[in-house]
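Novice: kindly generate the corresponding structure for this input.
(2 chains)
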Amino acid sequence: MATLIKGRRVVTENLFSPKDKVVRLEPTDDPASISLEGVARVEVNFPKFGDGRGYSIARLLRTRYGYRGELRAVGHITRDLLFFMESCGFDAFELREGEDPHEALASFEDFSEAYQACVARPVPLFRRRAV
Amino acid sequence: MYLYDAIDQRLVDERVRQFRDQTRRFLAGQLSEDEFRALRLRNGLYIQRYAPMLRIAIPYGLLSSRQLRKLADIARKYDRGYGHFSTRQNLQLNWPKLEQVPDILAELATVQMHAIQTSGNSFRNVTTDHFAGVAQDEIVDSFVWCEILRQWSTFHPEFSYLPRKFKIAVNGAKADRAAVGVHDIGLHAVRKDNEVGFKVLVGGGLGRTPIVGVVIREFLPWPHLLTYLEAILRVYNRYGRRDNIHKARIKILVKERGADRFRQEVEAEWAHLKDGPDTLIAEEVARVEARFTRPRYESLKDEAPAGEPAFLAWAKRNVHAHKVPGYAAVTLSLKKTGVPPGDVTSDQMDAIADLADRYSFGELRVSHEQNLVLADVRQRDLAALWREARALGLATPNIGLLTNIISCPGGDFCALANAKSIPVAQAIQERFDDLDYLHEIGELDLNISGCINACGHHHVGHIGILGVEKNGEEWYQIEIGGNQAPASLGKVIGPSFAQADIPDVIERLIDCYLERRDSETERFVDVVHRIGIEPFKERVYGHAHQRAPRSHREPVLA
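Specialist: This is a model prediction of the structure:
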C-alpha cells in the first residue's frame, strides 16, 4: 500500500493490482518505442530529485503519442515538483516517504499561471494575453 | 525598463511564497540537504565558504534607479553594506542569512525583482549587449527579445530540471557585444530582405571545457524563435549527460554527437513543433515592446567634448557613441585600483541611482565587464557628470584598458575557488597605475578566474589568468590570445606562477607586445594572433621552457 495523489485527491491503493496493464518507463526510455495499446497506467520513474527527463517523456506521451490513461510520476517526488509535473501531463503522483500528501495538495496551486504552452495549458500565455 | 503586468508580478510573488515555505520545511527537517540545495539554488542561494551567497537577477542587465536604491537598502539591512556585480550582469550579496532570504526576496518583489533561476540546473539570466537600444549599429532592440525569452524560460514546466545550467545570450547589433559564441545558445539578430531573424549558435561555453559554439541555423525567422529553442532544449533535456556534472553542458552533447547529427535531431524535433501554438505573433512582440519605458529624447546636436585633459581622457575611454544626436552612453568604472572589481557599496549605489535620475532617465545597465552604464546622457552634461562620478570614485578612465579587469570573487569568498583572484587584480592595477602608460598600451582585456569554472571568463581575455591549486598552494596559469567576439580561446603560455610574480609576468608580456606591434592601432591580441605565443613565452620564461619541463614549485622568475 502506498499513499498516492490522483486527480488532485489523496487515495490509498494497492500498487500491485494484477488487473491493470502497467508500463514503467525509466528516464532513458523512448516513449516512441512503447506500445500503449490497452495500457491502463504508465509510470515514469524519477530516480533522482533533479532528474528532468521524465517531464519531456510525459509531455511527449500526452501530446505526440496520444496517451490518455493514468500517467503516474514515481520515484523521488516531493510536493515541490507537483506543479511542473501536472503541467507536463502527469495526473498521479507517488510521493517519496515522509512527504505528507494532504499538505502536498496545496502545491498544485504554487503558481496560478504559466508563460509557456504545456499539456495543462495548451495555449501559451502570450496568445491568451493577445485575445 | 520593462514594466511587469499583473501576471508577471503575481508569478514573482507566488515564487516568494513558495520559497518561504521551502525554507521553513528545510529548517524543520522536512526537506533533505540535497532537495533543498536544488530548490535554493534556483532561487540564487548558495552556501559559500564563509556564509550564504545570494545572487539577485538583473534581467539582461537593465536596472532602474528605484531598483538600485532597493538593492542598496537590502545590502545595508541584510548584508554588510555592499554588493558585487557579476559577469552575468547580476548582483551578488556575500553575507545574507539563510533564514532571512525569503524576506529579501519579498523586498525585491516590491520593485519587480527576484532571484529566480540565477543558479541551479535551469535557464539562467538571459544576457545581452549593454548598449542595447542606443547603439549606432543596432539591428533590433535586443531587450525586447530578451524579455520574451525571460518569460519563456521562467518556470518552464518541462525544462526546469535540465542536466546542467543553461545560458542564452542575445545580440541585437552588428558588432557582437554579447559574446554569443561562448553561450549554450547564442542568438545574433539578422535582418534579411527586411525580415528580422536570428543566427543561432549552440554549444559554446567557457568553464573547464572551453568551446566556441557552432552555427546550427544561419537564419531563423523571429516567429519560430520559441519553437526552435524548444526543439534544442528537448534534445538536450532528454539526451544531455547526467552521469557526470563536468560533461553535462550542451556543448558536450553537441561535441559528442557532432554538429551535423545534433542539427538533424533538432530539425527532426522541430518538425513536430514548427507553426504550433508557441509560434510567436506580432501582437506579443508589440505588447512586450510597449511595456518598456522609453527615454523622451530632446532634439539636440552632437558636440565634441572639450575641457581639461583629465576630462578628455575619460571621455575617450568611458564615453560611447549613441544613436540619437546629442546623446552619449557613459560607463561608470567599478575598477578603481584598490577596490575589488565589480564591488559597490550601498552608499555608492544610492549615489549612482541619483546620477541615473539626473543624467540618464532613471535607468542604468550592468555590463558583463562588471561596470555600470548610463546609456542616455546628454553630451552637454558629460563634464558635469564626470565631476560627480570622479568625486564618487567611479570615473577611472580605463574602459577597454588593462586595468578594467574582469574578475570572479575568487578564494576570498567562493567555496569553489582554488585561488584568490581579487588580490591578483589589485596587484596588477597597482603596477599599471600610470594612466599615460595604460593608454599607450591601448585596448586590452585582462580576465581572472579563481578556478576552472571560469566565472571570470579568463579563456576570452586577451590575457587570461587562471587560479590553480598545486599541493595546497595557489598558483596562476596564464593564457594569451583569447577574445570575446569574434570568440577565440586563449593559449596557455607555460608553467604557472606564484601570486607575487604575476605583475612582473604581465609587464613582460606587455613589453614584448609594445616592441612587436606594428602601430598603435594593432592591439595586444592582434599581435598575439599575428606572431603567435612563442615570442611572448620566450620573453616570460627565457628559453627555459625549451630545455626541460620545470617543476611548478620552482619559482620561474628570479
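Novice: can you get me a residue count around the residue in chain A positioned nearest to chain B?
Specialist: Using CB to the nearest CB, the closest approach of chain A to chain B is made by residue A:52 at 2.9 Å. Where C-beta positions appear, they are placed from N, C-alpha and C, glycine not excepted. Look at residue A:52: counted by other CB atoms under 10 Å in any protein chain shown, it has 24 neighbours.
Novice: mind telling me what element the closest residue to it other than its chain neighbours is part of?
Specialist: Leaving aside its sequence neighbours, residue A:52 sits nearest to residue B:161 (CB to CB, 6 or more residues apart in numbering or on different chains; 2.9 Å). Counting by DSSP states H and E, no helix or strand carries residue B:161.
Novice: got the contact list for residue B:161?
Specialist: Residues in contact with residue B:161 (CB atoms under 8 Å, 6 or more residues apart in numbering or on different chains) are A:50, A:51, A:52, A:55, B:38, B:121, B:122.
Novice: same check on residue B:289?
Specialist: B:141, B:144.
Novice: phi and psi next, for it.
Specialist: Torsion angles at residue B:289 (phi, psi; degrees, to the nearest 10) stand at phi -60, psi -40.
Novice: show the pLDDT at it.
Specialist: pLDDT recorded at residue B:289 is 97.
Novice: cool, and residue B:415?
Specialist: 80.
Novice: pretty sure the residue of chain A closest to chain B contacts residue B:159?
Specialist: Yes: counting by CB atoms under 8 Å, residue B:159 is a contact partner of residue A:52 at 7.1 Å.
Novice: three-state assignment of residue B:469?
Specialist: Secondary structure state of residue B:469, per DSSP: H, G, I helix; E, B strand; the rest coil, is strand.
Novice: what pLDDT is listed against it?
Specialist: Per-residue confidence (pLDDT) for residue B:469: 91.
Novice: thinking again about what came up before, what do residue A:52 and residue B:159 both touch?
Specialist: Joint contacts of residue A:52 and residue B:159 (CB under 8 Å, 6+ apart) are residue B:237.
Novice: closest to residue B:408 among the contacts of residue B:161?
Specialist: Nearest to residue B:408 among these: residue B:121, at 20.0 Å, using CB to CB.
Novice: just the buried positions in stretch B:493-509, please.
Specialist: Within stretch B:493-509, the residues that qualify as buried are B:493-497, B:499, B:501-503, B:505-506, B:508-509, counting by 16 or more other CB atoms under 10 Å in any protein chain shown.
Novice: in strands only, show me those.
Specialist: Those of these mapping onto strands are residue B:497, per DSSP state E.
Novice: could you dump the buried residues of stretch B:493-509 to CSV with distance to chain A and pLDDT?
Specialist: As requested, the buried residues of stretch B:493-509 are exported to CSV (distance: CB to the nearest CB, whole Å; pLDDT from 0 to 100):
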residue, distance to chain A, pLDDT
B:493, 39, 96
B:494, 40, 95
B:495, 39, 96
B:496, 35, 96
B:497, 39, 96
B:499, 37, 94
B:501, 42, 95
B:502, 38, 96
B:503, 43, 96
B:505, 41, 97
B:506, 41, 96
B:508, 46, 97
B:509, 43, 97
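Novice: among the buried residues of stretch B:493-509, which are in helices?
Specialist: When DSSP state H defines the helices, the subset of the buried residues of stretch B:493-509 inside them is B:502, B:503, B:505, B:506, B:508, B:509.
Novice: which residue, other than its chain neighbours, is closest to the last one?
Specialist: Put plainly, it is residue B:509. By the measure of CB to CB, 6+ apart, the closest residue to residue B:509 outside its immediate chain neighbours is residue B:536, 5.6 Å from it.
Novice: mind checking pLDDT for that neighbour?
Specialist: 97.
Novice: that one reaches residue B:525, doesn't it?
Specialist: No: when contacts are counted by CB under 8 Å, residue B:536 is not listed as touching residue B:525 (11.6 Å).
Novice: are there residues contacting both of these two? Which ones?
Specialist: Listed as contacting both residue B:536 and residue B:525 by CB under 8 Å, 6+ apart are residue B:480.
Novice: ok, these two, which is more surrounded?
Specialist: Of the pair residue B:536 and residue B:525, residue B:536 is the one with more neighbours under other CB under 10 Å, namely 28 against 22.
Novice: list the buried residues of the helix or strand hosting the more buried one.
Specialist: Element membership for residue B:536, per DSSP H and E: helix B:534-541. Across helix B:534-541, burial judged by 16+ other CB under 10 Å covers B:536, B:537, B:538, B:539, B:540, B:541.
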